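Colleague: Next one to model:
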Amino acid sequence: MGGFGGVDVSQDEQNAEAVGPGPEAWRTALSRFVNVIPHTRELGLEVIGVVPPEVTMRLPWRDELLGDTTRGLVHGGVLTMLLDTVCGSAVLCGLPSPEVCPTLDLRVDHYRPAVAGKPIMARARVLSVTESVVFTEGMLWQEPERPIARGIGNFMRLGPRNTPPGFVEALFGEVNDGANDHA
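Modeller: Residues are numbered from 1 along each chain as shown. The predicted structure follows:
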C-alpha cells in the first residue's frame, strides 16, 4: 500500500524515530511474541516486516476464519484480533524500551468484507506516545490500495516497574546476565 492511512511517511522519517534494536532484531522478537499467544500461533500469524515504530503482519488464509460460510466472508472478530495484535506489536517497538501495555481502547472501522481464500495483510504504527498512553493506527487489506478495515488503538503504559522481570530478555531471546539491558 502507498501512504499509511492516507498519510505519506517517508522511510527516512520512520528510521529517524527508530530507537534500540534494528528491524531484523525486532522482526525476530515480535515473531517470538506472536508465537507465545495461543490464538495467533494457531492461526499462523506472521511478522513480515518491522521498521520501528511500524509493523507489518500477514494472516494466512484458513477455513477457520470464516464467519459467513454462505458468502465466504471472514468473521469480524478475526479482523479485530488482527488489528489489536498488530497495533500492540507496534507499541512494543515504538517505545524506548518495551513494556507491557494492555489495550485501553480499540475502534475498528470496517470498509468492506474480507473474503475467503486470500491472506489478510496488517500494518500498524505508533502515532504518539505520552507518559500514560500509546496511540496507534492500523490498517488491514487483501488487495493493495483496497483497505478492509482501519483501527485506532490506545494502549495503557504500565511502565518498567509493572513490566514483569525478564520481559525484554524473553522478547529478544536473551539470557538475563545483566549485560543485555535495552533500557
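Colleague: now what about the helix or strand that contains residue 138, what contacts it?
Modeller: Residue 138 is part of strand 133-143, with elements assigned from DSSP states H and E. Here strand 133-143 makes contact (CB atoms under 8 Å, 6 or more residues apart in numbering) with 1, 4-5, 79, 82-83, 86-88, 90-91, 94-95, 101, 104, 114-115, 118-129, 147-157. Just so you know, the C-beta spots here come from the backbone N, C-alpha and C atoms, and that holds for glycine as well.
Colleague: Give the buried subset of the residues you listed as a ChimeraX selection command.
Modeller: The buried residues among those can be selected in ChimeraX (16 or more other CB atoms under 10 Å) with this line:
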select :4,5,79,82,83,86,87,88,90,91,94,95,101,114,115,120,121,122,123,124,125,126,127,129,147,148,149,150,151,152,153,154,155,157
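Colleague: Among the contacts of strand 133-143, which lie within strands?
Modeller: Counting by DSSP state E, the contacts of strand 133-143 place 104, 120-129, 147-156 in strands.
Colleague: dump the residue contacts of the closest residue to residue 98 other than its chain neighbours.
Modeller: In this structure, residue 98 finds its nearest non-sequential neighbour in residue 92, 4.6 Å apart by CB to CB, 6 or more residues apart in numbering. The contact partners of residue 92, taken as CB under 8 Å, 6+ apart, are 29, 30, 33, 98, 101, 171.
Colleague: Which members of those are the farthest-apart pair?
Modeller: 29 and 101 (15.1 Å; CB to CB).
Colleague: Pull up the gap between residue 122 and residue 149, please.
Modeller: Separation of residue 122 from residue 149 (CB to CB, to the nearest Å) stands at 9 Å.
Colleague: let me redo that: residue 98
Modeller: Counting by CB to CB, the gap from residue 98 to residue 149 is 26 Å.
Colleague: Validate this expectation: residue 50 resides in a strand.
Modeller: Yes: under DSSP: H, G, I helix; E, B strand; the rest coil, residue 50 falls within a strand.
Colleague: picking up where we left off before, partner strands of the strand holding residue 138, with direction?
Modeller: Strand 133-143 has its sheet partners listed here by DSSP bridges as strand 120-129 (antiparallel), strand 146-156 (antiparallel).
Colleague: phi, psi of the residue of the chain positioned farthest from its centre?
Modeller: In terms of distance from the mean C-alpha position of the chain, residue 70 ranks first, at 30.3 Å (CA atoms, centre = their mean). The phi and psi values for residue 70, taken as degrees, to the nearest 10, are phi -70, psi -50.
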